[in-house]
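> how would this look folded up:
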Amino acid sequence: MSDTAEIIDVSPRDGLQNEATLLSTGTKVELIARLAAAGVRRLEATSFVHPKAVPAMADAEEVMASVPRGRDVSYIGLVLNMRGLERAIAAGCDEVNYAVVTTDTFSQRNQGTTSEQGIAVWKEIARASRAARVRPSLVVSTAFGCPFEGEVPVGTVVDVVEACMEEPPERLSLADTIGVAVPTDVTERFEAVMP
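Model prediction:
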């Protein structure tokens with residue numbers, strides 16, 4: 001393990017996607033520019049999902065066209081399917097982030113797939129993004145608990161990670177999607193999935 005920590009700021013995407021007030025593209029780009037000026041070097045700038053599903057991210061292409069370049073910042077786009085990946089690549093994302101969900105109920109509600117189908121989509125996205133020279137990262141969502149199915153067993157997390165590692169990501173994250181993890185949970189799950 002590294003002795004350093006890397007901050008990946010997701011506020012332009014995750015922090016804004018559920019806000020009741022839709023922000024202008026210019027305001028989003030200003031937030032991104034300020035984060036870059038403050039020293040953040042990896043930013044999840046936007047999400048390439050259907051505009052009807054997440055209206056706050058309907059301007060993904062416009063945001064990416066306006067982000068400040070030349071500061072050694074890597075811009076990440078969240079994608080949930082191949083169409084989103086195609087849009088992210090065309091928009092000039094440096095990285096894409098994909099989420100595989102450990103539980104079928106949450107996966108169906110969030111992405112319209114089962115967990116197994118989500119793993120298959122990940123493999124397709126990983127191959128296609130590498131072919132386009134865009135770095136693929138993976139988030140295992142609900143790695144600690146699910147709002148519909150409750151606590152997620154460590155074995156389930158390991159199974160999902162192992163299946164996904166057939167197409168290894170540049171970076172793997174375990175997400176406490178609903179905020180239920182305690183330090184012992186974090187240690188247990190990370191130790192279980194580390195080689």
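
> where in this protein is pLDDT low?
Where the chain drops to pLDDT under 70, the residues are 1-2.

> Which residue ranges of it form helices?
Here the chain has its helices, by DSSP state H, at 25-37, 60-66, 82-91, 104-111, 115-131, 154-164, 183-193.

> Compare the ones you listed and give me the one nearest A53.
Across those, A53 has its closest neighbour in helix 104-111 (9.7 Å, Cβ to Cβ). Where C-beta positions appear, they are placed from N, C-alpha and C, glycine not excepted.

> re the thing from before, turn the helices of the chain into TSV, including distance to T142.
As requested, those are arranged in TSV below (distance: least, Cβ to Cβ, whole Å):
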stretch	distance to T142
helix 25-37	27
helix 60-66	24
helix 82-91	20
helix 104-111	5
helix 115-131	9
helix 154-164	9
helix 183-193	12
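
> looking at the ones you listed, which is closest to F144?
Among the helices of the chain, the nearest to F144 by Cβ to Cβ is helix 183-193 (5.5 Å).

> got the buried residues for that closest one?
Going by neighbour count (16 or more other Cβ atoms under 10 Å), the buried part of helix 183-193 is D185, R189, V193.

> Would you format these as a markdown table with distance to S24 included?
Formatted as a markdown table, the buried residues of helix 183-193 follow (distance: Cβ to Cβ, whole Å):
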| residue | distance to S24 |
| --- | --- |
| D185 | 39 |
| R189 | 39 |
| V193 | 40 |
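
> Out of those residues, which comes closest to G145?
Closest approach between those and G145, by Cβ to Cβ: D185, at 8.7 Å.

> For the closest one, which non-adjacent residue is closest in space?
Using Cβ to Cβ, 6 or more residues apart in numbering and skipping the chain neighbours, the partner closest in space to D185 is F144 (5.5 Å).

> Phi and psi next, for that neighbour.
Here is the backbone geometry of F144 (degrees, to the nearest 10): phi -120, psi -30.

> Thanks a lot, see you next time.
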